[in-house]
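[1] With the sequence up front, the predicted model follows.
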Amino acid sequence: MILGEVALAAIDIEDESFRISEDLDPAAMDLSLQAIGLINPVMLLECTAPSGYRIVCGFRRLRALRRLAGSKVAARILQPAELSTLEVFLRAVWDNLAHRQLCPLEKARVLFTLRHKCAVEGDLLVAHFLPLLGLSSHRNVLQGYLALHQLHPELRRLLNAGHLTMSSAERLARTTPATQAGSVALLQKIRLSASLQREVLDLSGDLAAVTRTTLADVLNQLEIRSIADDPCLSAFQKGEQIHGFLYRQRNPRISRARETFQAEKEGLNLPGTIRLSPDPFFESPRLRVEFDAASAKAFRETVEALERACRTTSLERLFEIS
Amino acid sequence: MIPYRPERIVVQEEACNDATTHEMLRRLHGVPTSTVRDVDSLLPELRAASDFRTTAKRTLILMRNRGSFMKKCPGAGAEICCNYFVINYALNCHLECTYCILQSFLNNPAVIIYTNIDDLMREVEEKVQSAPGRVFRIGTGETADSLALDDITSYSHCLVPLFRSLPNAVLELKTKSAQVANLRTLDHGGHTVISWSLNPERIIRKEELKTATLEERLDAARQCREWGFRVGFHFDPLIYYEGWERDYEEVVHEIFRHVDPEGICWISLGCLRFTPDLKDIVRRRFPGSSVPYGEFVPGSHGKQRYFRPIRQEMYSRMRAWIGEHAPQVFVYLCMENRAVWEESIGQAPSSSDELAAKMDLLAGINPDGSSPCFGAEETL
């Protein structure tokens, strides 16, 4: 390995064979270089055409130096004859692990590179490299991360921004590129909690299987697009309404029972202090009635309201819903 | 049915000298065989493949069971349960039903057959004889099909005569196979019921991939009737889909075209249920299966089941179709609550004990151990 100074023009900035970083252009890097310059030399691999050097460590520093109109950079230079591709990439891995936590997409990139560019066997990845990256040593974890590397760029952005959970990203990553691309437009417009994300993906997956279409087809239904484009709704409200629409589509009979229950309950004209709820999922005809009263007068009024409800036809129907 | 033929056999060292091991190896002559001291040492290898639930079944493990063979049916604990017992002579099944709970239930994904059948028989005998005032209905179809492996094990030759000698017990052999040849010469004395799990041919082809056809199962039932066995039928799981009514009604019709109602001990109905993790397994292993896409709600024991009106509709219509052919045949529900019994069958047993007592009588066994009585003249 040689320590020297290399012209930026001689470095192939497009070659990302050894890249690990997800965000290549952090603003803080520019500020740091402007303030105190380059502290640590980058690491380069000497090569022939089309340019003289490939980047091993220092993608972000080199891109920032270019933006700042630098012309030369201090570098440690590796000779290709000295090291295998794996040995070169491991220098990048260790360099990164030494000073920071990798995000999931960066771990995915490391594993993908090890598997597909360095030809490391799956068993070795599971036994050695998953723990090295702080992950559980299990084949399914490896498969999940290898799939994650294929995630659509916009979905990667949503994951990094915290709008997509890791498990949702993994599930989407396992779908085809066309399906991922088809889901992006919707997912950009809505926000879902972690549990609703899981449910929306479950419901969409089920509906896609039943109708023999794709997840993207399900998520691009006219009704869903209308909700997503409604300017009166917040991103979270859109998410909830889309979840409701998909639930009704997936579970029409349960949804009908709930709607009927709600309508019949309103037919009882009960005050808000009386809460009436069915058995979970109408598993039995049993109803639960709860109320509270702060005074004898309020208690009497509640009982009278219940007596009035006893004389409505809705009461009978509430017990016949399922 | 596609018969089970393993690609290799692994014999636990402890089981090497069991007579049943030698018998089974003789019947599977030519299959590569090795021995292993600790069966658990095979687990990493068996579970290595991404589709290990399929590939591991190509390995047959012959081993001894050092635990208990006889247990209460997992249904025990439901609001109304028939107080059934199960004995596990094997673990796993090669028939590849898409909805099979064993996929998420078994730790070892190979097919395991226990070789210490003598211990199994001794345990059953001791437990049954220790409570002479009670009736035991016992099945072998919980962790394996009762007859699908019988061409390899011939365990029916041990179990049927054993139950013949137990006045307060009845054996139920529950199967999706048509493998009944071993039963022909057995003296069962009315203490063995042969049962078939049934579904429309459309479901059999799509969801019960290596099982016998409906026609084969019903022909086997007719054969067993001719040999003097009483038979049972289990519509479990009932699977809901568009057009289910026509198909299931046809199955009911076919039952009575093949078997006389007097020979039928009972018919059970149970709608599809499965655990959330099983759903993921089914989706991965059988992408063409429609089983995971019903309208499910969380039920007891952490299982998903159809929304109650769907179950009730299926049960009540099945009950009606069966009643049109044979009103005297006893129909019961498996793992259902009182409300569902009442809505779909019209009445519910007052307790699990009442249901169990009824079924004991239908099995032809009186608690005092007197001679089997046949026929079922009433419904609950």
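    That came in fine, so what should we check first? Numbers count the residues shown, from 1 in each chain, chains lettered A, B, ... in the order given.

[2] Quick check: which helices or strands does the helix or strand containing B:Trp266 pack against?
    Assessed by DSSP states H and E, B:Trp266 sits inside strand B:264-271. Using 3 or more C-beta pairs under 8 Å, 6 or more residues apart in numbering or on different chains; DSSP states H and E as the contact test, the elements touching strand B:264-271 are strand B:230-238, helix B:308-325, strand B:331-333, helix B:352-362. The way it works is simple: take the backbone N, C-alpha and C, and place the C-beta from them, glycine included.

[3] what residues are up against the residue in the stretch 101-250 of chain A that chain B sits nearest to?
    Residue nearest to chain B within the stretch 101-250 of chain A: A:Val210 (4.9 Å; C-beta to the nearest C-beta). Contact analysis of A:Val210 by C-beta atoms under 8 Å, 6 or more residues apart in numbering or on different chains lists B:290, B:293.

[4] go on, A:Ser193?
    Shown in contact with A:Ser193 (C-beta under 8 Å, 6+ apart): A:Gly239.

[5] do B:Asn107 as well
    Residues near B:Asn107 by C-beta under 8 Å, 6+ apart: B:Leu43.

[6] and stretch A:164-181, is it in reach of chain B?
    No. Judged by C-beta under 8 Å from any C-beta of the partner chain, stretch A:164-181 stays clear of chain B, getting no closer than 10.6 Å.

[7] end-to-end on that stretch?
    Taking C-alpha to C-alpha, to the nearest Å, stretch A:164-181 runs 15 Å from one end to the other.

[8] on that earlier part again, any idea which helix or strand comes after the strand holding B:Trp266?
    Toward the C-terminus, strand B:264-271 is succeeded by strand B:273-274 as the next helix or strand (DSSP H and E).

[9] Can you tell me which helices and strands that following strand packs against?
    Using 3+ C-beta pairs under 8 Å, 6+ apart, the elements in contact with strand B:273-274 are strand B:304-306.

[10] which residues sit against the strand it packs on?
    Counting by C-beta under 8 Å, 6+ apart, strand B:304-306 makes contact with B:240, B:271-276, B:279, B:294-299, B:311, B:314, all of which sit outside it.

[11] Now do the buried residues in it.
    Within strand B:304-306, the residues scored as buried using 16 or more other C-beta atoms under 10 Å in any protein chain shown are B:304-306.

[12] How about the contacts made by residue 103?
    Just so you know, I chose chain A. Under the criterion of C-beta under 8 Å, 6+ apart, the contact partners of A:Cys103 comprise A:22, A:160.

[13] nope, chain B
    Shown here is B:Gln103, whose contacts under the criterion C-beta under 8 Å, 6+ apart are B:53, B:278, B:281-282, B:285.

[14] Could you tell me which of those residues are located in helices?
    Taking DSSP state H as the definition of helices, the contacts of B:Gln103 contribute B:53, B:278, B:281-282, B:285.

[15] Name only those of the residues you listed that count as buried.
    Buried members of the ones in helices among the contacts of B:Gln103, scored by 16+ other C-beta under 10 Å, are B:53, B:278, B:281-282.

[16] low-scoring pLDDT stretches of chain B, where are they?
    B:76-77, B:366-380 (pLDDT under 70).

[17] Taking the centroid of it, which residue is nearest it?
    Per C-alpha atoms, centre = their mean, the C-alpha nearest to the average position across chain B is that of B:Gly141, at 3.2 Å.

[18] hang on, the earlier thing: show me which of the contacts of B:Gln103 is closest to chain A.
    Closest approach between the contacts of B:Gln103 and chain A, by C-beta to the nearest C-beta: B:Val282, at 10.7 Å.

[19] Chain neighbours aside, what residue packs nearest to the most centrally placed residue in chain A?
    Note on chain A: the residue nearest the mean C-alpha position is A:Leu164, at 2.7 Å, using C-alpha atoms, centre = their mean. In space, not counting the residues next to it along the chain, A:Leu164 is nearest to A:Leu158; the distance is 4.2 Å by C-beta to C-beta, 6 or more residues apart in numbering or on different chains.

[20] host element of the one you found?
    With the criterion set as DSSP H and E, the secondary-structure element containing A:Leu158 is helix A:153-160.

[21] Quick one: residues in contact with that helix.
    If you take C-beta under 8 Å, 6+ apart as the criterion, helix A:153-160 is touched by A:22-23, A:103-105, A:151, A:164, A:166, A:169, A:172-173, A:180, A:183-184, A:187-188.

[22] Would you point out the most distant pair within these?
    Taking every pair in the contacts of helix A:153-160 and measuring C-beta to C-beta, the maximum separation is 22.8 Å, between A:Asp23 and A:Ser183.

[23] Between these two, which is the more surrounded one?
    Shown here are A:Asp23 and A:Ser183; by other C-beta atoms under 10 Å in any protein chain shown, A:Ser183 has more neighbours (24 against 12).

[24] Report the beta-bridge partners for the closest residue to the residue nearest to the centre of chain B other than its chain neighbours.
    Among residues not flanking B:Gly141 along the chain, B:Lys174 sits closest, at 3.2 Å (C-beta to C-beta, 6+ apart). When bridges are taken as DSSP bridges, the partners of B:Lys174 come out as B:Ser195.

[25] List the contacts of B:Lys174.
    B:139-141, B:145-146, B:195-197, B:232, B:234.

[26] Next: A:Glu290.
    Contact partners of A:Glu290, counting by C-beta under 8 Å, 6+ apart, are A:274-277.

[27] please redo it, this time with the cut-off set to 10 Å
    A:273-277 (C-beta atoms under 10 Å, 6 or more residues apart in numbering or on different chains).

[28] Now neighbour count too, for those residues, in TSV please.
    As requested, the contacts of A:Glu290 are exported to TSV (neighbours: other C-beta atoms under 10 Å in any protein chain shown):
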residue	neighbour count
A:Thr273	14
A:Ile274	18
A:Arg275	12
A:Leu276	17
A:Ser277	12
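
[29] closest to A:Lys297 among those residues?
    Where those are concerned, and distances follow C-beta to C-beta, A:Lys297 has its nearest neighbour in A:Thr273, at 12.3 Å.

[30] wait, isn't that closest one in contact with A:Val303?
    No. Applying C-beta atoms under 10 Å, one finds A:Thr273 not in contact with A:Val303, separated by 11.4 Å.

[31] Give the intersection of the neighbour lists for these two.
    Contact with both A:Thr273 and A:Val303 is made by residues A:291, A:293, according to C-beta under 10 Å, 6+ apart.

[32] doesn't A:His152 make contact with A:Ala181?
    Yes. Checked against C-beta under 10 Å, the pair A:Ala181 and A:His152 is within contact range at 5.9 Å.

[33] So which of the two has more stuff around it?
    Neighbours of A:Ala181 and A:His152, each counted by other C-beta under 10 Å, are more numerous for A:His152; the result is 21 against 15.

[34] how about that one, what does it touch?
    Contacts of A:His152 were listed using C-beta under 10 Å, 6+ apart, and they are A:158, A:169, A:172-173, A:175, A:177-184, A:187.

[35] just A:Ser314 next, same as before
    The contact partners of A:Ser314, by C-beta under 10 Å, 6+ apart, come to A:263-269.
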